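1. sequence? don't have it. structure:
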């Protein structure tokens, strides 16, 4: 009986799911605008659809030197800056593994982002954080980001 219990105990330890540690960090991402299309909404508001390509600089993280293909929509007040911008980025590393991040930026507040999935080493990834725009022109943007994530 004790051999059976010992075998079951060893099997239980070996088959237990591994616990993945939460990591944290941050970096920058630089983008160039590929296209932007504006259109009018009711009540004098407008919207702009934007496609950007970017690169992540985040030494010591699994995202360092990743490439991003991002799509967003900014809702515009009748006067002034965008009231909210939301979208997503398909991101890939040098091995071709992909992670997907969604984001939302509201006027005068830090942006928020969430990791929503991935392939290869990013399969099952979860995480979230904040971002801020460091520089923005008509066709370029640089953001700083920070957050926490868990690779499964």
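-> Received it, and whenever you're ready, just let me know what you need. This one's a predicted model, so the numbers in the text were calculated from it and none came from an experiment.

2. and the residue nearest the centre of the chain?
-> Most central in the chain under CA atoms, centre = their mean is residue 101, positioned 2.9 Å from the mean C-alpha point.

3. tally of neighbours for residue 62?
-> Residues near residue 62, counting by other CB atoms under 10 Å, number 17. Using the backbone N, CA and C atoms, a C-beta is placed for each residue, glycine as well.

4. that one against residue 93, yeah?
-> Yes. Between residue 62 and residue 93 a contact is recorded at 7.4 Å, counting by CB atoms under 8 Å.

5. any shared contact partners between those two?
-> Residues within reach of residue 62 and of residue 93 at once, by CB atoms under 8 Å, 6 or more residues apart in numbering, are residue 121.

6. that older thread, the residue nearest to the centre of the chain is in what secondary structure piece?
-> Using DSSP states H and E, residue 101 sits within strand 98-106.

7. given the helix or strand following that strand, what are its sheet partners and their directions?
-> Once the chain leaves strand 98-106, the next helix or strand it forms, by DSSP H and E, is strand 111-118. In the sheet, strand 111-118 lines up against strand 98-106 (antiparallel), strand 126-136 (antiparallel) (DSSP bridges).

8. of those, which approaches residue 27 most closely?
-> strand 126-136 (10.2 Å; CB to CB).

9. can you list the strands that the next helix-or-strand element following the closest one pairs with?
-> With elements assigned by DSSP H and E, the helix or strand that comes after strand 126-136 is strand 140-150. Paired strands of strand 140-150, with direction, are strand 23-40 (antiparallel), strand 126-136 (antiparallel) (DSSP bridges).

10. on that earlier part again, among the strands paired with strand 111-118, which is the most enclosed?
-> strand 98-106 (a mean of 19; mean count of other CB atoms under 10 Å).

11. list the contacts of it.
-> With CB under 8 Å, 6+ apart, strand 98-106 has contacts from 63, 66, 72, 82-92, 111-120, 122, 125, 131, 133.

12. TSV for the strands paired with strand 140-150, including mean pLDDT and distance to residue 106?
-> Listed next are the strands paired with strand 140-150 as TSV, based on pLDDT from 0 to 100; distance: least, CB to CB, whole Å:
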stretch	mean pLDDT	distance to residue 106
strand 23-40	97	19
strand 126-136	96	12
